[in-house]
Every structure is written in C-alpha cells, then in structure tokens.
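Student: I would like the atomic coordinates for the input below:
(one chain, ligands or ions: 1)
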Amino acid sequence: MLWSRALVRHRGGGPVLRGVSAGVREGELLAVTGTRGAGKTTLLECWSGTTAADSGEVWFNSAPVHTLSAGRRERLRREHFGFVGPEPRLLAELTAAENAAVGGMLRGLRRRAAEAAAAEWLDRLELGELARLRPDGLPREAQQRVAVARALTGAPSVVFADDPTACLDTAGSARLLRVLATAVRSHRMTLVLATADPEVAALADRRLHLTDGRLTPDPGWGAGEKRRQAGYRADGDGR
Ligand SMILES: Nc1ncnc2c1ncn2[C@@H]1O[C@H](COP(=O)(O)OP(=O)(O)OP(=O)(O)O)[C@@H](O)[C@H]1O
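Tutor: Numbers count the residues shown, from 1 in each chain. As a prediction, this is how the structure comes out:
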C-alpha cells in the first residue's frame, strides 16, 4: 500500500538515503532497522510525506506522494497517518483524554466520536483514571501511552512509530509494544516501526535493514537474536 522506488534524500550536504526501493503491505507490521544514523527516521519521513525526497518516487494506495505539493502532503499525513515518536510531545494544556482525542479530530471525527474512540484506546492502554490528568501529572511511560492512543484514535491507515520505546524501561516498552501490535492487527492498520533494538524489531512480520542509507541483508542481530529465537528474554545483556 505504501512504497518507494530509487528514493534518494540528502541531509547536511550528504546522502542519507541512497536509492531505497521498498514498501509495506496493507495490514503488515514492518520494522525498519539499522544502527544510529542509518537513515531510518528519514525513510519514515519520506514515506509519510513529512519530508520530500530529492529524487525517486513514493506511492500510497496507487497515488504518487512525490508529486504532491507540501500542502497536499500535509493533508495526506493528517487524514491517513498516525505518528508516535521517541518523545510523547503532548499538548500541556490538555488532559490525556483530550490529547488522545485530537488525533481522531485531525482524521475527521467529530469531537464526541473522537472522545469516545480515544477513551476506548486509553482504556486498552490501561491509562484508567490517569486519562483525566494533564501531561505534567503523568509518568513518562504513561505520557507515551497517551501518544500511542493519539496515533490510533480515528484508525489511520498507517501508523509510523519512530523509536517509540526510546524513553521507556523494559517493562514499559514491552507493554507499549504489545498494545501497539495488537491494536494495529485488530483494526487492520499498517505499522512502520523504526528501531535499532532487536527485541523491538522482533514483533514485526518483516524487517528492512538499512546501512548508511541503503537496504542491506538483515544481519540477524547475532547472538542476541539466536537467544531470542531460543526463547531467551533479554534483561539487558541480550541487546
Ligand atoms: N536535519 C538534519 N540535518 C542534517 N543532517 C541530518 C538531519 N537529520 C538527520 N541528519 C543526518 O542524516 C543521517 C540519517 O539520520 P536518521 O535520523 O534518518 O537516521 P536514523 O537511522 O533514524 O538514526 P537514529 O537511530 O539515531 O534516529 C544521520 O547522519 C543524521 O546525522
């Protein structure tokens, strides 16, 4: 449903993506992996229309994204895509429930419907009474769960999650990923997840590995991956 051909993007004077031809299917959970600076964030930004490519093509549902004006790309993002970043970035003046409802309203739901949908996701994300609080009254991990609820409310076609567990501990990270994966599967959404963490990438149906802006064979993540496949649950040293 979303793919690129020969995608090239320069940043800071040098190439960051060097001809990436790849895509994600509808309903798929795709992990984009690679070490720091490999180009994961830039690929998500180009696929989502957040950033324009320097050359190459991006297609969403058989329509070209690379030829759209900045305004049209902004509309595409707002209506069809949900985003979770490494930081929650919630609106400080709104409660958790209101923050989550904003996602639905951006995707065209009326306020009441957005609030109802947000309440459902906040429930599934086990926010409970915390939903009535403003972000500064919430622990970091709860704030990130609110950001996930905001991304899911209104059921976007594609959820882009860029290093969504960066600010979480192991338990919080596992819980957030479990809910995210279950939500995306149950609502037939598509997930594109950027991560350098093999434990996080393990939840995906498929992985694309980037090295210096190029697709390269998945390294299999060495011993850590072998232990995971053998049922080992990392507690820090398996990464
Ligand atoms: N706004 C920018 N200006 C200049 N260089 C940038 C900018 N954004 C990213 N870069 C550079 O582009 C390269 C790819 O960055 P990108 O964030 O896409 O990689 P990444 O794989 O997501 O890395 P990380 O895991 O650290 O987030 C890096 O070398 C980075 O320093």
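Student: Skip the chain neighbours and tell me the closest residue to residue 87.
Tutor: If the residues on either side of it in the chain are set aside, residue 87 comes closest to residue 167, at 6.3 Å by CB to CB, 6 or more residues apart in numbering. Heads up, the C-betas are built off the backbone N, CA and C, glycines and all.
Student: what about this protein, any weak spots by pLDDT?
Tutor: In the predicted model of the chain, residues 221-239 satisfy pLDDT under 70.
Student: Show me which residues of the lengthiest helix in the chain are buried.
Tutor: When the chain is parsed with DSSP state H, its longest helix is helix 170-186. Neighbour-count burial for helix 170-186 flags 172, 173, 174, 175, 176, 177, 179, 180, 181, 183, 184 (criterion: 16 or more other CB atoms under 10 Å).
Student: residues in contact with the fifth one?
Tutor: For residue 176, the contacting residues are 125, 141, 144, 145, 148, 164, 165, 168, taking CB atoms under 8 Å, 6 or more residues apart in numbering as the criterion.
Student: Provide the secondary structure category for residue 27.
Tutor: Three-state call for residue 27 (DSSP: H, G, I helix; E, B strand; the rest coil): coil.
Student: count of residues packed around it?
Tutor: 15 (other CB atoms under 10 Å).
Student: repeat for residue 26
Tutor: So residue 26, with other CB under 10 Å, has 12 neighbours.
Student: Please report how far it lies from the ligand.
Tutor: Between residue 26 and the ligand the computed distance is 24 Å (CB to the nearest ligand atom, to the nearest Å).
Student: And for residue 112?
Tutor: Distance from residue 112 to the ligand, by CB to the nearest ligand atom: 38 Å.
Student: which SS class is that residue?
Tutor: helix.
Student: what residues are up against it?
Tutor: By CB under 8 Å, 6+ apart, the contact list for residue 112 is empty.
Student: coming back round to it: spatially, which two of the contacts of residue 176 are the most separated?
Tutor: Spanning the widest gap among those are 125 and 165, at 13.9 Å by CB to CB.
Student: Kindly report the residues of this structure close to the ligand.
Tutor: With CB under 6 Å from any ligand atom as the criterion, the chain meets the ligand at residues 11-12, 16, 34, 36-42, 194, 196.
Student: let's see it at 5 Å
Tutor: Contact residues (CB under 5 Å from any ligand atom) of the chain with the ligand: 11, 12, 16, 36, 37, 38, 39, 40, 41, 42.
Student: and these, which of them are in helices?
Tutor: In helices, judged by DSSP H, the following of these are found: 40, 41, 42.
Student: Any chance you could spot the residue sitting in the middle of this protein?
Tutor: Centroid-nearest residue in the chain, with CA atoms, centre = their mean: residue 161, separated by 1.2 Å.
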